[in-house]
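Asks: A predicted structure for the sequence below; I have some questions about it.
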Amino acid sequence: MWFRVGWKCRVWTGQFPAPSGSSDPPGASSGVRMGRRRRLAGARLDSGPMSCSAPHFSAAVLADSRLRAVVIGAGPAGLMAAETLLAGGAAVQVYDAMPSVGRKFLLAGKGGLNLTHAEPPASFRARYGERSAEVGRWLDRLDAQGLRDWAAELGIQTFVGSSGKVFPAEMKAAPLLRAWLHRLRMQGAVFHMRQRWTGALQPTSGAGWQLEFSGPDGVRTVQADRVLLALGGASWPQLGSDGAWQAWLDEAGVPVAPLVSANCGFEVRWSAFLRERHAGQPLKAVRLRHRDGQGQLFERTGEAVVSDYGLEGGLIYAASAPLRRDIAARGPAQVELDLLPQRSLEEVTAALARGRGSRSWTNHLREQTGLAGVKAALLREGLDAAAWPALQTQPAALARRIKALPLCLEAPRPVAEAISSAGGVRLEGLDASLQLRSHPGVACAGEMLDWEAPTGGYLLTACFASGRVAAEGLLNREVRSAGLDSGAAGPICPPNRLP
C-alpha cells in the first residue's frame, strides 16, 4: 500500500485506502512495472496468505505509514517477503536483474513443481542437517501444511504423490506464479525488472538506506527504510543467481561461507565404452554407501543416472553434502554401490553358482540376477582384460562385487550446474529474524543463506519460510527517529564502485 500526496494516510485496517487523485505510487513512473496499476479501493489484504500462523506485526509498524521496503530478488523468498511486508502496511518495491520474475522457480516446475513434502514434521526438519534447528524456527512460521494452505488461497490445489512429495494439481509452476503475481500487484507491489543491484548500500541520516541499481537507462538511486536481500545462491547463474554479492558482503564484514555445489553430480573416470554406450541410462533400485573420515555412514537406496562425466540423480544429490565435505577434506571419495539391494549376498552367490550350460555369460547373469544393460556394464569398470574373465569363474567374488561395487568419486560438478548451492551468509551473522547484525534494517532470505537441503520440496519450503521470517523481522524492527544502532553499520559497497 502506498502513502504519499493524494493518498489517505491511516493505520492499516486490513483494507487499502482509495486514491483521491491520479498519482501513481513511488517508483511507478520509472523502471519496468509488472502490469498496469489497478484500482485498489476495497481490495482486502486478508486475502493474503496467513497460513501456519499470522505474521507478527508490532503496533509501531502498523502505525508507520511511511515505511518503504525494497526487496532485491524476485524468487520465492523475495516474493514471500514482499507479500508479508505488504500485509504489514509497508510500501514495497521489488527489484530484479532479470527481465521477468521467478525464472528458476519456473524451471523447477518444468517436470512437475515439487512444492513441499508431506512427511512428518520431525523427519522433515531433520532434512536440513546441521542447520535443522535454525531452519526449524523458520518452519514454525510457515511449514509444509502452511505452504499448501497458502497455495490453496491462491486457487492452486495440491496433492501428495506416492513418494510423499507434494505437487500442484496441474503439475506446473506457471499457474501458481501468475496467481501470486496478480495478488501482489493488487496489494500494491511495484516490480522493477532488468535492474541489477550494484552492491551499493549506504546508511542515511534517517536510519534508512540508499541503494543503487544499474539498468538499461543507467544507474538509479533508491531510498529505503528497510532492505531485504533475496539474491539466491550461485547455481544456474543464467537464471539470475550469480553469487556476485559474496564479495560485496564479505568486504563489508558480513560473514559469508563460499558458495559451493549442493544437490549436484560427481565426477567418475568412466571407460570410453561406458560413456559411449550407457551415458544417460538410469540405475534403478541401487543402494549407495559412503563412510567419511569421521566414521559417519551414509547409506540409502534410490535411483541414480550414469552420465558422461560420472553419476547424478536423486540418490547422489541426497549424498552430496557428506560427499562434498569428504572430498574437500581428504580428496576423492570412495563409495560402494549395491546393484541388488533387495537380495542378500548369499542369494546372489547361490544364483551365480548355478551352471549356465550353453548360455552366454551375459544371458546367465541376466537370468540368474536380473542384471543387464548399464548395471552389467558397471561390473567391468576398472578391471583389465584378464581380470574380468577370471571373475566370471568365481561366483562368491562376483557376488561381493555386485553387492559392493567400488567407485571413486573425484569431484563435485561446478556450482553453476548444481540444482542448488551450499554456503552463503552465515546464520551466525544474523539475528533470529534474519537481519544482519552489522547492518540494522537489512535482512537476508532464501538460498543466499548458509543452509542446504536435499531435493524433494525441502529447498522451496525453507526459501518461502525464510522470506516470511525475514520480512516479519523488518516489520517488527523498532522505528528509529535518527541514526543507527550502536556499532553503526558502514556501507556495503561505495556507490561509485560498480561491478
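Replies: All right, it came through fine.
Asks: Was I right to think Leu339 contacts Leu405?
Replies: Yes: contact status for Leu339 versus Leu405: in contact at 6.1 Å, counting by Cβ atoms under 8 Å. Using the backbone N, CA and C atoms, a C-beta is placed for each residue, glycine as well.
Asks: Residues that sit against both of these two, list them.
Replies: Residues touching both Leu339 and Leu405 (Cβ atoms under 8 Å, 6 or more residues apart in numbering) are 378-379.
Asks: So which of these two has more stuff around it?
Replies: When neighbours are counted by other Cβ atoms under 10 Å, Leu339 and Leu405 differ, and Leu339 comes out ahead with 23 against 18.
Asks: can you pull out the helices in the stretch 151-300 of the chain?
Replies: With DSSP state H, counting those that start in this stretch as the criterion, the stretch 151-300 of the chain has helices at 174-187, 245-251, 272-278.
Asks: Redo these as JSON lines? Include mean neighbour count and mean pLDDT.
Replies: Shown next, in JSON lines, are those (neighbours: other Cβ atoms under 10 Å; pLDDT from 0 to 100):
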{"stretch": "helix 174-187", "mean neighbour count": "19", "mean pLDDT": "96"}
{"stretch": "helix 245-251", "mean neighbour count": "20", "mean pLDDT": "93"}
{"stretch": "helix 272-278", "mean neighbour count": "14", "mean pLDDT": "96"}
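Asks: Make a markdown table out of the ones you listed and add distance to Ile72.
Replies: As requested, the helices of the stretch 151-300 of the chain are exported to a markdown table (distance: least, Cβ to Cβ, whole Å):
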| stretch | distance to Ile72 |
| --- | --- |
| helix 174-187 | 16 |
| helix 245-251 | 9 |
| helix 272-278 | 42 |
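Asks: and of those helices, who's closest to Tyr309?
Replies: helix 272-278 (8.6 Å; Cβ to Cβ).
Asks: helices or strands up against the top helix by length along the chain?
Replies: Looking across the chain with DSSP state H, the single longest helix is helix 458-476. Using 3 or more Cβ pairs under 8 Å, 6 or more residues apart in numbering; DSSP states H and E, the elements in contact with helix 458-476 are helix 76-87, strand 116-117, helix 132-139, helix 144-153, strand 226-229, strand 442-444.
Asks: C-alpha coordinates for that helix, CSV please?
Replies: This file holds the C-alpha atoms of helix 458-476, laid out as CSV (Å, rounded to 0.1, in the frame of the first residue of the first chain):
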residue,chain,number,x,y,z
TYR,A,458,12.6,-29.1,1.2
LEU,A,459,14.5,-26.4,-0.6
LEU,A,460,11.4,-24.5,-1.7
THR,A,461,9.7,-24.8,1.6
ALA,A,462,12.6,-23.3,3.5
CYS,A,463,13.0,-20.5,1.0
PHE,A,464,9.4,-19.5,1.3
ALA,A,465,9.6,-19.7,5.1
SER,A,466,12.8,-17.7,5.4
GLY,A,467,11.2,-14.9,3.3
ARG,A,468,8.3,-14.7,5.7
VAL,A,469,10.6,-14.7,8.8
ALA,A,470,12.9,-12.0,7.4
ALA,A,471,10.0,-9.7,6.4
GLU,A,472,8.3,-10.1,9.8
GLY,A,473,11.6,-9.1,11.4
LEU,A,474,11.9,-6.0,9.3
LEU,A,475,8.3,-5.0,10.2
ASN,A,476,8.9,-5.6,13.9
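Asks: between it and helix 132-139, how big is the angle?
Replies: Interaxial angle, helix 458-476 versus helix 132-139 (axes from the mean of the first three to the mean of the last three Cα atoms, to 10 degrees): 70 degrees.
Asks: Let me know the secondary structure of Cys408.
Replies: Following DSSP: H, G, I helix; E, B strand; the rest coil, Cys408 is assigned to strand.
Asks: Identify the bridge partners of it.
Replies: On the basis of DSSP bridges, Cys408 is bridged to Gln334.
Asks: Just give me the neighbour total for it.
Replies: Neighbour number of Cys408 under other Cβ under 10 Å is 15.
Asks: What's the separation between it and Ala247?
Replies: 34 Å (Cβ to Cβ, to the nearest Å).
Asks: Same check on Gln281?
Replies: For Gln281, the distance to Ala247 - Cβ to Cβ - is 41 Å.
Asks: Tally up the residues packed near Leu427, please.
Replies: 19.
Asks: what do you get for the one 5 residues further on?
Replies: Neighbourhood size, Ala432 [other Cβ under 10 Å]: 10.
Asks: what does the model give the closest residue in space to it that isn't next to it in sequence for pLDDT?
Replies: Once flanking residues are discounted, Ala432 sits nearest to Arg137: 7.0 Å by Cβ to Cβ, 6 or more residues apart in numbering. We have a pLDDT of 97 for Arg137.
Asks: One more: Asp24?
Replies: Each residue has a pLDDT score; the one for Asp24 is 32.
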